[in-house]
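**Student:** quick one: sequence plus predicted model below, questions after.
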Amino acid sequence: MGDEKKVDVAANAAAFLEQDEVHEPMHDKNLWAARMHRDAAARAVPEWEELRKIASQIKEHTLTHLPDYLREFENNALKRGAKVYWARDAAEHNQHVWDILQEKNIRAVIKSKSMLQEECGMTAFLEKRGITVTESDLGERIQQLDDQPPSHIVMPAIHKTPEDVAQLFARSIGTDPGNTDPHYLTEAMRNDARKRFLEAGAGMTGANFAIAETGSFVVCTNEGNADIGAAVPPVHIASIGIEKLLPKVSDLGIFIRMLSRSALGTLATQYTSHFSGPRRGGELHIILTDNGRSRRLGMPDFWTSLKCIRCGACMNTCPVYRRSGGLAYGATYSGPIGIILDPTFDESRYSELPYHSSLCGSCTEVCPVKIDISDQILKWRKVMAAKKYLPVSRRLAFGAAGRIFEHPQLFRSAESMASGALRFTPHFLLYNKVLNPWGRHRELPHFAGQTFREWYLQYRAKNNDHGEQHT
Ligand code: SF4
């Protein structure tokens, strides 16, 4: 992965913004609506802040005792009749899946949404070996048919309009290209998926939570697709990231209450399914996967990112994510959570991501497990600067800014020069694709006639003349 080209987030975001006048405002509006729903749902729970605190504590406790809870989970899952596998990385995870399918002579798989399987590049791995893989979550299926990764961890196709989906379905499953009615499109996809459920030799799921005390796990969906996938084919394979562990069943209530409220502002996901061992006559295979999580656990500044429950609230609220779209990040995870997770997979490739943030702190405010996301973004910037991942032009600009901020006299001179210079700088130099790619979609506000410092000194002099006291 280290050799892959660096993701040019600004160029990707510009492509999303500039495609037309429809996609970006729709994306912004829909995600902000989700944020508003989340706020209303959180306000309706008087003990919300207490729940966030407890959820964070449970996660931190589990992560700092992870080996014990993983062993407990494994023992209990084995007792219930599941087969348990351990995967150090994506390659081992995919190999386990392939081995299971080979052994059973399975050629078709139906899967529900799993960011871990996405992270492992599992679908491409299996397809290369002749396995037919079908996504059963509607948004994921849309993305699969369009040969795109998910752009959001909860709403994978949120960047698409109904017209986009109608055109896509017309090309891939023969629907009417002019019919954008969501019921019509959903029904058409449901009919297309039915036969795939019946033909699949294995159903694959992820897991939202895994319970050490019982060796069981929970999958939350709004479409019930994971339940059909786990119930119809004879083999169920579940990929579980090792950070998904919770100690006890009694811990679940807190997280179930927070997950859907944080994601979409709904009281609970439509389906909260508990899997405790294989169903009668079937098989359950659980792949406990590390893929960089242990290494992240050893990073003092970044280990708490493992508390994430993938609710997407930080994405919905992020002003940069809402306007640039999830595909701009060029990674499995996008938005604020992506900024702090992706560099742990490949620092060089994702070195631009930490600059894709206004550092407004809204992500930290909404995170149900109290991850200090904006602090971690800032810390990643320091890592990227120290390792010289920034382009020379940016390093020189930041170096110059640092020297100016260090010297008050220099700062004062720069301040008065800047407002004058900006007022007379030609527009094409200020809003320039090369020098200022972020500026092309924003107009600077008009500069005030005097700086705050000038105003304050005048104000103080005037009021002191009147004998006012200042502290
Ligand atoms: S970082 Fe927090 S807000 Fe963002 S997806 Fe994870 S749990 Fe949700």
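**Tutor:** Thanks, I have it. Since this is a predicted model, take the numbers as computed values, not measurements.
**Student:** does anything pack onto the helix or strand bottoming out on mean pLDDT in the chain? Which helices or strands?
**Tutor:** When each helix and strand of the chain is scored by mean pLDDT, DSSP states H and E, helix 427-430 comes last, with a mean of 74. Helices and strands touching helix 427-430, by 3 or more C-beta pairs under 8 Å, 6 or more residues apart in numbering; DSSP states H and E: there are none. For every residue, glycine as well, the C-beta is placed using N, CA and C.
**Student:** would you put the C-alpha positions of that helix in CSV?
**Tutor:** Output in CSV follows, covering the C-alpha atoms of helix 427-430 (Å, rounded to 0.1, in the frame of the first residue of the first chain):
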residue,chain,number,x,y,z
HIS,A,427,-9.2,38.1,-8.3
PHE,A,428,-7.6,35.5,-10.6
LEU,A,429,-4.5,35.3,-8.3
LEU,A,430,-6.6,34.8,-5.1
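**Student:** immediately after it, which helix or strand?
**Tutor:** The helix or strand immediately downstream of helix 427-430 is helix 452-465, counting by DSSP states H and E.
**Student:** how distant is that next one from the center of its chain?
**Tutor:** 47 Å (C-alpha atoms, centre = their mean, to the nearest Å).
**Student:** any buried residues in it, and which?
**Tutor:** Residues of helix 452-465 classed as buried: none (neighbour count, 16 or more other C-beta atoms under 10 Å).
**Student:** state the mean pLDDT of it.
**Tutor:** For helix 452-465, the mean pLDDT works out to 84.
**Student:** any weak-confidence spans in the chain?
**Tutor:** 1-4, 433-442, 465-471 (pLDDT under 70).
**Student:** same thing but at 90, please
**Tutor:** 1-5, 10, 14, 17-21, 222-225, 268-269, 388-457, 461-471 (pLDDT under 90).
**Student:** which bits of it sit near the ligand?
**Tutor:** Residues of the chain lying close to the ligand (C-beta under 6 Å from any ligand atom) are 262, 308-314, 337, 366-369, 371, 373.
**Student:** as a check, name the ranges of all strands in the chain.
**Tutor:** 83-87, 108-111, 132-135, 202-205, 209-211, 216-221, 235-241, 245-246, 271-275, 283-289 (DSSP state E).
**Student:** and among the ones you listed, the most buried is which?
**Tutor:** Mean neighbours per residue, mean count of other C-beta atoms under 10 Å, is largest over the strands of the chain for strand 202-205, with a mean of 27.
**Student:** run through who's touching that strand.
**Tutor:** 97, 100-101, 104, 106, 109-112, 114, 117, 197, 219, 226, 228-239, 275 (C-beta atoms under 8 Å, 6 or more residues apart in numbering).
**Student:** which residues does whatever residue of the stretch 101-250 of the chain ends up closest to the ligand contact?
**Tutor:** Minimum separation of the stretch 101-250 of the chain from the ligand (C-beta to the nearest ligand atom) falls at residue 153, amounting to 6.4 Å. Residue 153 makes contact with 115, 310, 312, 315, 333-335, 337 under the criterion C-beta under 8 Å, 6+ apart.
**Student:** just residue 258 next, same as before
**Tutor:** Residue 258 neighbours (C-beta under 8 Å, 6+ apart): 51-52, 55, 309, 311, 368-369.
**Student:** equivalent analysis for residue 78, please.
**Tutor:** So residue 78 contacts 84, 215 (C-beta under 8 Å, 6+ apart).
**Student:** that older thread, I'd like the contacts of residue 153 laid out as CSV, including neighbour count and distance to residue 423.
**Tutor:** Formatted as CSV, these follow (neighbours: other C-beta atoms under 10 Å; distance: C-beta to C-beta, whole Å):
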residue, neighbour count, distance to residue 423
115, 19, 48
310, 18, 47
312, 26, 42
315, 29, 37
333, 25, 41
334, 29, 37
335, 28, 36
337, 25, 40
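**Student:** ranges for the helices of the stretch 51-200 of the chain?
**Tutor:** 66-79, 90-104, 115-119, 122-128, 138-145, 162-173, 182-199 (DSSP state H, counting those that start in this stretch).
**Student:** mind checking the end-to-end distance for stretch 415-432?
**Tutor:** Length of stretch 415-432, first residue to last, C-alpha to C-alpha, to the nearest Å: 22 Å.
**Student:** test my guess that residue 138 contacts residue 189.
**Tutor:** Yes - look at residue 138 against residue 189 with C-beta atoms under 8 Å: they come within range, at 6.0 Å.
**Student:** helices or strands next to the longest helix belonging to the chain in the packing?
**Tutor:** Longest helix in the chain, counting residues (DSSP state H): helix 23-43. Helices and strands touching helix 23-43, by 3+ C-beta pairs under 8 Å, 6+ apart, are helix 9-18, helix 249-264, helix 313-317, helix 319-324.
**Student:** looking at those helices, which one is packed in the most?
**Tutor:** With a mean of 28, the top stretch among these by mean neighbour count (mean count of other C-beta under 10 Å) is helix 313-317.
**Student:** give me the contact list for that helix.
**Tutor:** Taking C-beta under 8 Å, 6+ apart as the rule, helix 313-317 contacts 31-32, 34-35, 38, 152-153, 262-263, 321-322, 326, 334-338, 362-368, 373.
**Student:** can you tell me how far residue 71 is from the ligand?
**Tutor:** 26 Å (C-beta to the nearest ligand atom, to the nearest Å).
**Student:** against residue 86, how distant is that residue?
**Tutor:** From residue 71 over to residue 86 the distance is 11 Å, taken as C-beta to C-beta, to the nearest Å.
**Student:** and stretch 21-33, which residues are buried?
**Tutor:** Buried-residue list, stretch 21-33, by 16+ other C-beta under 10 Å: 23-24, 27-28, 30-31.
**Student:** just give me the closest of those to the ligand.
**Tutor:** The closest of the buried residues of stretch 21-33, once distances to the ligand are taken by C-beta to the nearest ligand atom, is residue 31, at 12.8 Å.
**Student:** that older thread, reformat the contacts of residue 258 as CSV; add neighbour count and distance to residue 357.
**Tutor:** Listed next are the contacts of residue 258 as CSV, based on neighbours: other C-beta under 10 Å; distance: C-beta to C-beta, whole Å:
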residue, neighbour count, distance to residue 357
51, 19, 26
52, 19, 22
55, 23, 24
309, 22, 21
311, 25, 18
368, 26, 20
369, 24, 19
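**Student:** okay if I get those residues as JSON lines plus distance to residue 206?
**Tutor:** Output for the contacts of residue 258, formatted as JSON lines (distance: C-beta to C-beta, whole Å):
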{"residue": "51", "distance to residue 206": "24"}
{"residue": "52", "distance to residue 206": "24"}
{"residue": "55", "distance to residue 206": "19"}
{"residue": "309", "distance to residue 206": "12"}
{"residue": "311", "distance to residue 206": "14"}
{"residue": "368", "distance to residue 206": "19"}
{"residue": "369", "distance to residue 206": "18"}
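**Student:** let me know the closest of those to the ligand.
**Tutor:** Taking C-beta to the nearest ligand atom as the measure, the ligand sits nearest to residue 311 out of these, at 3.6 Å.
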